[in-house]
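[1] show me the folded form of this:
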Amino acid sequence: MIDNLARIPLDAIRVFEATARLNSFTRAAEALGMTQAAVSWRIRDLEQRLGVALFVRETRRIALTLEGQRLASASSEALNLMRRAINDVMEQDQSVLGITTLQTLATQWLATRIGMFQLANPDLAVKIDVDNGLSDFSDHGTDIGLRFGSGQWPGLESRFLIPALFTPLCSPELQASLDIRTPADLKSAPLVGLPQEWAEWFARVGMADDRNPPPPRVVSENQAMEVATAIAGQGIALGNPVFYAREIANGQLVRLFDESVSLGGGYWLSYPKERRSVPKIARFRDWVLEMARTDPANIEACRASGMEVGTLG
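    Numbers count the residues shown, from 1 in each chain. Next up is the predicted model:
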């Protein structure tokens with residue numbers, strides 16, 4: 001049987017994969033450190049070797065042909081597997097654990113515990129990257145993601161960590177100045193956070209017909225910033241009681257109601273399926289799941305949400 005792959009230079013596949021992924025000769029050239037002319041030549045040479053067109057070239061854009069789409073999917077998967085395999089066998093890769101996580105999860109939960117992991121694993125250096133985006137794990141150095149969502153991401157194995165529960169939080173001083181006994185009393189209170197989250201919270205507590213929800217005083221997409229504003233006595237924020245258990249316990253924050261409301265999704269531990277057995281990933285996975293299982297606030301939150309730590313997404 002003829003091995004057609006032997007007729008194709010690996011560098012040509014690399015150039016094609018970058019061009020298809022970035023959908024641009026120019027951006028591929030910049031990413032690969034080549035000239036646009038060199039990228040264009042490589043693609044045309046590859047097309048001649050294959051005997052098919054891989055791109056439709058228009059005046060200001062390019063698009064993959066059906067053959068190009070098939071090759072793009074396979075080449076991207078193959079090159080990502082090669083990158084990960086190379087990383088796995090490098091000594092440096094084995095001694096550094098790269099974690100990408102969300103800011104609130106990092107500062108309010110992981111940061112107070114990660115020291116215990118490092119003490120138990122002195123041979124591993126931990127590199128934490130705080131990023132609200134969803135890493136595709138293709139970059140060198142990213143091993144694990146702690147992310148928010150449904151737990152369903154193509155190519156990843158996800159384990160459930162923490163429910164996405166929210167409850168109104170404020171400072172003791174602000175609570176003393178307000179007369180809040182029911183959720184309806186929040187209509188006249190200074191609120192902090194995204195309007196759509198408050199609207200959903202009101203709907204979940206039976207106030208969906210309220211046509212005049214209070215406009216938030218401060219709007220942010222960062223839960224940590226919103227709750228920091230509440231700690232300063234400047235408003236009432238929706239916060240996850242798991243993340244702010246310490247502040248609630250020491251009196252910096254007050255839960256206005258015992259109930260917490262789920263606004264959908266949750267926090268998950270994720271990593272590429274084919275790397276589930278890599279020792280450093282397995283060690284962190286086992287450790288962080290144990291931390292989540294033994295966290296008193298998370299035990300209560302999981303009971304309220306009906307979720308179980310470690311459940312596969």
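[2] for this structure, which helix is longest?
    Longest helix in the chain, counting residues (DSSP state H): helix 66-89.
[3] quick one: mean pLDDT for it?
    Per-residue pLDDT values over helix 66-89 give a mean of 85.
[4] moving C-terminal of the helix or strand of the chain with the lowest mean pLDDT, what's the next helix or strand?
    Here the helix or strand of the chain ranked lowest by mean pLDDT, DSSP states H and E is helix 91-95, holding a mean of 65. Next in sequence after helix 91-95, counting helices and strands by DSSP states H and E, comes strand 96-101.
[5] return the list of helices and strands in contact with that following strand.
    Judged by 3 or more Cβ pairs under 8 Å, 6 or more residues apart in numbering; DSSP states H and E, the packing partners of strand 96-101 are strand 125-130, strand 144-149, helix 279-294. In short, each C-beta sits where N, CA and C put it, glycine included.
[6] of these, which is nearest Leu161?
    helix 279-294 (4.8 Å; Cβ to Cβ).
[7] got the angle between the very next helix or strand once past the closest one and helix 279-294?
    Following helix 279-294 in sequence order, the next helix or strand is helix 296-305 (DSSP H and E). Here helix 296-305 points in a direction 80 degrees away from that of helix 279-294 (axes from the mean of the first three to the mean of the last three Cα atoms, to 10 degrees).
[8] and helix 296-305, how far out from the chain middle?
    Distance, stretch centre to chain centre, for helix 296-305: 21 Å (Cα atoms, centre = their mean, to the nearest Å).
[9] show me which positions of it end up buried.
    297-298, 300-302, 304-305 (16 or more other Cβ atoms under 10 Å).
[10] low-confidence regions, the stretch 151-300 of the chain specifically.
    The model of the stretch 151-300 of the chain has pLDDT under 70 over residues 208-218, 220-221.
[11] please enumerate the helices of it.
    For the stretch 151-300 of the chain, the helices defined by DSSP state H, counting those that start in this stretch occupy 172-177, 195-204, 223-231, 245-249, 279-294, 296-305.
[12] those: which one's closest to Gln118?
    Closest to Gln118 of the helices of the stretch 151-300 of the chain, according to Cβ to Cβ: helix 279-294, at 10.3 Å.
[13] strand 96-101 and that closest one, what's the angle between them?
    Going by the same axes, to 10 degrees, helix 279-294 makes 40 degrees with strand 96-101.
[14] so which bits of helix 279-294 are buried?
    280-281, 283-285, 287-289, 291-292.
[15] run a quick neighbour tally on Ser75.
    18 (other Cβ atoms under 10 Å).
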